[in-house]
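Undergrad: Here's a sequence, model it:
(3 chains)
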Amino acid sequence: MLGFVLRRLARAALTMLIVVAIAFAVLRLSADPATVILGPDAPPAAIAAFRHAWGLDRPLWMQFGFYIAALLDGDFGRSMINGATVLPLVLNRVPTTLSIMLPALLLAIGIGVPAGMFAALRRNTFADRAVMIAAVAGFTVPSFVLGLVLVLVFAVELGWLPSGGNDHWYSAILPIVTLGTGAGAVLARFTRSAMVEVLGQPYILTASAKGLLWRVVIRRHALPNAAIPLVTMIGFMVGGLLAGAVVTESVFSWPGLGRLMVTSVGSRDLAVVQCILLLVSLMMVASNLTVDLVYGLIDPRLRHGERGRL
Amino acid sequence: MSLLVLDQVHYAYPARHTLLGGRSKIRAVAGVSLALERGRTLGLVGESGCGKSTTGRLALGLIAPDAGCVAFGGEAMPAPGTAAWRALRARVQLVFQDPLGALDRRLAIGRQIAEPMVIHHLGTSDERTRRVAELLRAVGLSADLEARYPHQLSGGQRQRAVIARALATRPDLLVCDEPVSALDVSIQAQVVNLLADLQEEFGLTILFISHDLRLVRLVAHEVAVMYLGQIVEQGEPTAMFAAPAHPYSQALLAAVPNPQRRGPRALLAGEPPDPAARPTGCAFHPRCPIAVARCRGEAPALRPRADGRLVACHLADVDAASC
Amino acid sequence: MPKPPSPDPTLAAAPALIELVGLRVAFDRTPALHGIDLSVRRGEALGMVGESGSGKSVTWLAALGLLPRRARVGGSVRLDGQELIGAASDALAAIRGRRIGLIFQDPVSALNPVHRVGAQIGEAVSRHRGLNGAAARAEARRLLDQVGLPDSSRRLDAYPHELSGGQNQRVMIAMALAGEPDLLIADEPTTALDTTIQAQILDLLDRLRRETGMALVLISHDLSVVGEVCERIVVMYAGRIVEDAPTAELLEAAAHPYTKGLLAAVPPLEGPRRRLAAIPGNVAQAGDLPPGCAFAPRCGDAVEACAAQVPRFQEVAPLHRAACWRLADAAP
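TA: As a prediction, the model looks like this:
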């Protein structure tokens, strides 16, 4: 077990390194931060000085080397815009993003999974189709459209909720709904198909043939097996929600990681972008690792290998 | 000269490691020697884990043995993936258990039967069309089925189509791995009769792998019983099934359902063995009703009896009449 | 195993445990079962033989209300007088496992992969015998012993994928016995198993039947399997019963051409090697049945009358009936 975890951590570190390396190269090759930050009218001397001060005139591989060396020392660099140290700047934003991401995840699970189960148990009836159509609508509508519509209705027309910012606790409601809807819709469809697949398995027939009441069959035999693919899906959802957070935070001016990412990429504030990328990949890796471990807990076949015979 | 010779072949599957990192090789075939004569059928019987399917794949050259050699038509079987190996595919063909899986759902039957000819560049387009019609006739399918898709045919018809495809390149050797197990009983008889007819008409050599002893007795000129990767008995089917020499063959025959049986039957105790955990000495000794101390320590070799039967049992030679 | 005895004639008068009358099943308007009349007596061992599409499994799934919602079931199934068709789902759940047990083909996939086998047997024990906790576990262990699974305490904590096919089938049988049913329906229980294990399981089923006095319905495509264990055999084709006779009688003097064809299609283990007499044509499929006798297109003895009307049962001998028009000519 220990070997398994260590192997996964090693792979995770490699993944993060590759992500940062690619971003590193793309950011530096696509535009000159100096020009972007100082403005295109800045005198060439100022630009050259800026580039030299931030080490941008060195070869790419050398810059990367210095960056990694600094990382290992705990130094994540400084913002090119205001000189602040990057790590605290980024970490400051994490709770803000989590405060809409986690509730959105819970919302997605809390509505999507029961809806999917409901549809599966009543498959091919009107109720099933109605739920599925709602789900399709839920994930085809782009989140920024949904967000803007919600703002229009609840903030502008009805005035119940603020249109942006995070001044009050209820400012989070609209961003959470926007973020959670798409994820919940996908989860509903996925749950339905996982459940339908499980319900078609021979062991469900066996459980019924044993004389168990239908609700017991669903609870004890169908749900645990349907949970297995669901757990994977939820693991992926973390990545999807992080991506969705970028858009949602922009629509609602929510001062989280997403907003910071957008502004930093736009201004080529390299260290900030790289740090956020590292953090995001760490979160993804952590969620995948958790999924794998949970998998092992709920599916005994994975714990023992294919055929650990007695 | 035999068409196909396997000489002391061994094959082990690399085992999957569990989460905890346990690793072991699974010896699927542990020293098998076979010779197939032209125009004859060799039956290979055994239960799960005995290695008969792996032996079939070794015979075809789909996998290369870890030790020992396979010779086809007097020459060594080329390594999988080489050009010589690919050319040899025209001479050896495989028919296996699931006809729906063996056919491409998206292509019409006629195209699939013609495909081997296309791959090996045999004949012109007209000649191929004629040959497809010929093959359909030979396997007892009506010509209009040529345009149908696999899901539109019955199980028996699909298997016939698979056989037609296998014959397209006029192969010398046909390996049939449980060719009728997935078919209804009344259809099994049809397909088995068909294989026998085709053998006579085209001089096919057939390796017939099956768990069904009754079928094998009917189609095979010679039969070999396998247990845990080795041949334990080999001989002429009728004589062998009337008086099997090896205790495993005896148990296998006793297990065949027979409503006319008189008296109780001797049941073989225990489970089919796990190839990953081979017993020492004779692989069958843990379940053998007549095992002695020698069986645990020393693996018996496959030796011929006076009447030509091959048996791998320390006790078989002692008194052939008592078995 | 001694040859199955011919059924005691006095038993024929005994009341049936379960009676199927005119049982019909249709899926999306395609009829799969065309009016089955069958009865099983207490303690009887009945074999049901047929190929794909014969309806042999559908019969019992319909009787127990286990078919999917879209199936339309008609007719009557009476268990000791209680009507099962159309019964409330809770009433059916009370019957399943407790009065009628059911085991299936491919035991590995018929058991839940994420629960230990002890828990799965224990669940049946709790449901039908009201035992819980340690008492349920002890009973599960006793059942595993009864079905001949060695080292039962350890096996209780195993998962299905850790056991072999034969061991899993024993677990399924133990689970089915938990409710002490009056009737056990075994649907192709040995088809997915190795030959030597098949023999063990059939032997086990026979022994359990004699020990507990329960009735057994053994469903198989293999006449020999059924012939070894059962006293009476019913042959089905395309959703109808075509022949019904005591085992010895059926094997020696089968009346229906399909039964005769099935018998001829099995290669004998002894005697001279001869070409199999195969039944020509394809097995009739549910949606595509000809008018009249479904077997007529493949039958060597068919005459005009066969294609005109579905055959009615003819009494060939006491307790032996077959649905064939040609037999009407020869009837006494």
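Undergrad: Relative to B:Phe208, how far out is C:Leu204?
TA: Applying CB to CB, to the nearest Å, the value for C:Leu204 to B:Phe208 is 31 Å. C-beta here means a position set from N, CA and C on the backbone, and glycine is covered the same way.
Undergrad: If you count surrounding residues, which of the two has more?
TA: Neighbour tally, C:Leu204 and B:Phe208, criterion other CB atoms under 10 Å in any protein chain shown: the higher count belongs to B:Phe208, 27 against 20.
Undergrad: If we go by neighbour counts, what in the longest helix belonging to chain A is buried?
TA: When chain A is parsed with DSSP state H, its longest helix is helix A:86-121. By neighbour count with 16 or more other CB atoms under 10 Å in any protein chain shown, helix A:86-121 contains the buried residues A:86-87, A:89-90, A:93, A:96-97, A:99-101, A:103-105, A:107-109, A:111-113, A:115-121.
Undergrad: does any part of that helix sit near chain C?
TA: No - applying CB under 8 Å from any CB of the partner chain, one finds helix A:86-121 separated from chain C by no less than 10.9 Å.
Undergrad: How far off centre is that helix?
TA: Between the centre of helix A:86-121 and the centre of its chain there are 9 Å (CA atoms, centre = their mean, to the nearest Å).
Undergrad: Only alpha carbons, please: show the helix or strand just after it as PDB.
TA: Per DSSP states H and E, helix A:86-121 leads on to helix A:126-140 as the next helix or strand towards the C-terminus. Written as PDB, here are the backbone C-alpha positions of helix A:126-140 (Å, rounded to 0.1, in the frame of the first residue of the first chain):
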ATOM      1  CA  PHE A 126     -42.200  10.500 -19.000                       C
ATOM      2  CA  ALA A 127     -40.500  11.400 -15.700                       C
ATOM      3  CA  ASP A 128     -37.200   9.900 -16.900                       C
ATOM      4  CA  ARG A 129     -37.300  11.900 -20.100                       C
ATOM      5  CA  ALA A 130     -38.300  15.100 -18.400                       C
ATOM      6  CA  VAL A 131     -35.300  14.900 -16.000                       C
ATOM      7  CA  MET A 132     -32.900  14.100 -18.800                       C
ATOM      8  CA  ILE A 133     -34.000  17.000 -20.900                       C
ATOM      9  CA  ALA A 134     -33.600  19.300 -18.000                       C
ATOM     10  CA  ALA A 135     -30.100  17.800 -17.500                       C
ATOM     11  CA  VAL A 136     -29.200  18.400 -21.100                       C
ATOM     12  CA  ALA A 137     -30.400  22.000 -20.800                       C
ATOM     13  CA  GLY A 138     -28.300  22.300 -17.700                       C
ATOM     14  CA  PHE A 139     -25.000  21.500 -19.300                       C
ATOM     15  CA  THR A 140     -25.400  22.900 -22.700                       C
END
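Undergrad: in helix A:126-140, what counts as buried?
TA: The neighbour-count check on helix A:126-140 (16+ other CB under 10 Å) flags A:Asp128, A:Val131, A:Met132, A:Ala135, A:Gly138, A:Phe139 as buried.
Undergrad: In JSON lines, list those residues along with pLDDT and distance to C:His161.
TA: Output for the buried residues of helix A:126-140, formatted as JSON lines (pLDDT from 0 to 100; distance: CB to CB, whole Å):
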{"residue": "A:Asp128", "pLDDT": "93", "distance to C:His161": "32"}
{"residue": "A:Val131", "pLDDT": "94", "distance to C:His161": "34"}
{"residue": "A:Met132", "pLDDT": "93", "distance to C:His161": "33"}
{"residue": "A:Ala135", "pLDDT": "93", "distance to C:His161": "34"}
{"residue": "A:Gly138", "pLDDT": "90", "distance to C:His161": "37"}
{"residue": "A:Phe139", "pLDDT": "87", "distance to C:His161": "35"}
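Undergrad: Quick check: which of those residues are also close to chain C?
TA: Counting by CB under 8 Å from any CB, no member of the buried residues of helix A:126-140 is near chain C.
Undergrad: Which elements pack onto the longest helix of chain A?
TA: Using 3 or more CB pairs under 8 Å, 6 or more residues apart in numbering or on different chains; DSSP states H and E, the elements in contact with helix A:86-121 are helix A:126-140, helix A:173-199, helix A:223-251, helix A:257-266, helix A:270-298.
Undergrad: relative to helix A:223-251, how tilted is that helix?
TA: Orientation check (axes from the mean of the first three to the mean of the last three CA atoms, to 10 degrees): helix A:86-121 against helix A:223-251 gives 130 degrees.
Undergrad: Helix A:86-121 - what's its average pLDDT?
TA: Throughout helix A:86-121, pLDDT has a mean value of 91.
Undergrad: in chain B, which spans are helices?
TA: Ranges of helices in chain B, per DSSP H, are B:52-60, B:83-88, B:99-102, B:109-119, B:125-138, B:155-167, B:185-202, B:213-219, B:237-242, B:247-255, B:293-297.
Undergrad: ok, back up a step: okay, the helices and strands packed on helix A:86-121, which one's buried deepest?
TA: Highest mean neighbour count of the helices and strands packed on helix A:86-121: helix A:173-199, a mean of 23 (counted as mean count of other CB atoms under 10 Å in any protein chain shown).
Undergrad: Helix A:257-266 and that helix, what's the angle between them?
TA: 110 degrees.
Undergrad: and stretch A:49-64, C-alpha only, in PDB?
TA: The C-alpha coordinates for stretch A:49-64 follow below in PDB (Å, rounded to 0.1, in the frame of the first residue of the first chain):
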ATOM      1  CA  ALA A  49      16.000  47.300 -17.800                       C
ATOM      2  CA  PHE A  50      12.700  45.600 -16.800                       C
ATOM      3  CA  ARG A  51      13.700  42.500 -18.700                       C
ATOM      4  CA  HIS A  52      17.100  42.400 -17.100                       C
ATOM      5  CA  ALA A  53      15.700  42.900 -13.600                       C
ATOM      6  CA  TRP A  54      13.300  40.000 -14.000                       C
ATOM      7  CA  GLY A  55      15.900  37.800 -15.700                       C
ATOM      8  CA  LEU A  56      13.900  37.600 -18.900                       C
ATOM      9  CA  ASP A  57      17.000  38.200 -21.100                       C
ATOM     10  CA  ARG A  58      18.500  34.800 -20.100                       C
ATOM     11  CA  PRO A  59      18.000  31.700 -22.100                       C
ATOM     12  CA  LEU A  60      14.700  29.800 -21.500                       C
ATOM     13  CA  TRP A  61      16.300  26.700 -20.000                       C
ATOM     14  CA  MET A  62      18.300  28.800 -17.600                       C
ATOM     15  CA  GLN A  63      15.300  30.800 -16.500                       C
ATOM     16  CA  PHE A  64      13.500  27.500 -15.800                       C
END
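Undergrad: I appreciate the help and will end here.
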